[in-house]
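Novice: A predicted structure for the sequence below; I have some questions about it.
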Amino acid sequence: MDMKKILKALHAIVTYKRGKEYWEAYNCYKQIYLKKIQEKIREENMFLINSASNKARKIWEIINGGSKAATKERSNLNAEGFNTYLKKMEQHPLDLLRKQKVNTTHSMFLNPVSEEEITKIIMSLKSKTTRDIYDVSTYLIKTVVNEIVPPLTMLINQYFAEGYFDHRTI
């Protein structure tokens, strides 16, 4: 019987009966099956190498054939061709973008946070002594948590109320 058919049969038994001994038998046979596949591939590669006139080249073909993705065709598009295409368009792309309606029905509302929430979040951080880009560690933050939570909570709630989030303040 073909090994692949036996493996499929064992898989069906494992799926149906769900016993530990069936699962172990399936995994054991699967490992044997995968090793046989590797052996066959190795034998085929050895045959190809031994029958090649340029053995080193054949070895590299086998190596590259197993790891390289299909090569993509290079595009002939250049800046001049793209510019010509844009000039021939009936409408300018910027005009097309201006005509698009922006859907503003989706909005986000952020509820104010409490000092307890901020404290809980800070205390859930791992206590590490490694420092961030501002030379501050989570261990240090946890040490001064009671002093920084009130102003931090006020600042976060102010950002939520104004809807203002600037990357420089984070």
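Specialist: Alright, I've got the coordinates.
Novice: what confidence value was assigned to the residue with the largest distance to the centre of the chain?
Specialist: For the chain, the residue at maximal distance from the C-alpha centroid (CA atoms, centre = their mean) is Ser53, at 43.1 Å. pLDDT for Ser53: 91.
Novice: now do the same for it: helix, strand or coil?
Specialist: coil (DSSP: H, G, I helix; E, B strand; the rest coil).
Novice: ranges for the helices of the protein?
Specialist: 3-17, 20-51, 55-67, 79-88, 93-99, 115-124, 138-143, 145-162 (DSSP state H).
Novice: out of those helices, which gets nearest to Arg131?
Specialist: Closest approach to Arg131 among the helices of the chain (CB to CB): helix 138-143, 8.3 Å. (Glycine included, C-beta is placed from N, CA and C.)
Novice: domain parsing for the protein?
Specialist: Per automatic domain parsing, the domain ranges recorded for the chain read 3-67, 115-165.
Novice: low-confidence stretches in this structure?
Specialist: By pLDDT under 70, the low-scoring segments of the chain are 1, 66-75, 90-108, 164-170.
Novice: in JSON lines: the domains of the chain, plus distance to Ala79.
Specialist: Formatted as JSON lines, the domains of the chain follow (distance: least, CB to CB, whole Å):
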{"stretch": "domain 3-67", "distance to Ala79": "33"}
{"stretch": "domain 115-165", "distance to Ala79": "37"}
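Novice: among the ones you listed, which comes closest to Thr84?
Specialist: domain 3-67 (38.2 Å).
Novice: can you give the distance of the closest one from its chain's centre?
Specialist: In this view, domain 3-67 has its centroid 28 Å away from the chain centroid, taken as CA atoms, centre = their mean, to the nearest Å.
Novice: which one of the domains of the chain lies nearest to Leu86?
Specialist: domain 115-165 (35.1 Å).
Novice: list the residues that contact Met153.
Specialist: Quick fix: residue 153 is Thr, not Met. Counting by CB atoms under 8 Å, 6 or more residues apart in numbering, Thr153 makes contact with Val113, Ser114, Glu115, Ile118.
Novice: out of the residues you listed, who's nearest Leu140?
Specialist: Comparing the contacts of Thr153 against Leu140 with CB to CB places Ile118 closest, at 16.1 Å.
Novice: how many neighbours does the closest one have?
Specialist: Using other CB atoms under 10 Å, Ile118 has 18 neighbouring residues.
Novice: contacting residues around it?
Specialist: Val149, Leu152, Thr153, Ile156.
Novice: sounds good, over and out.
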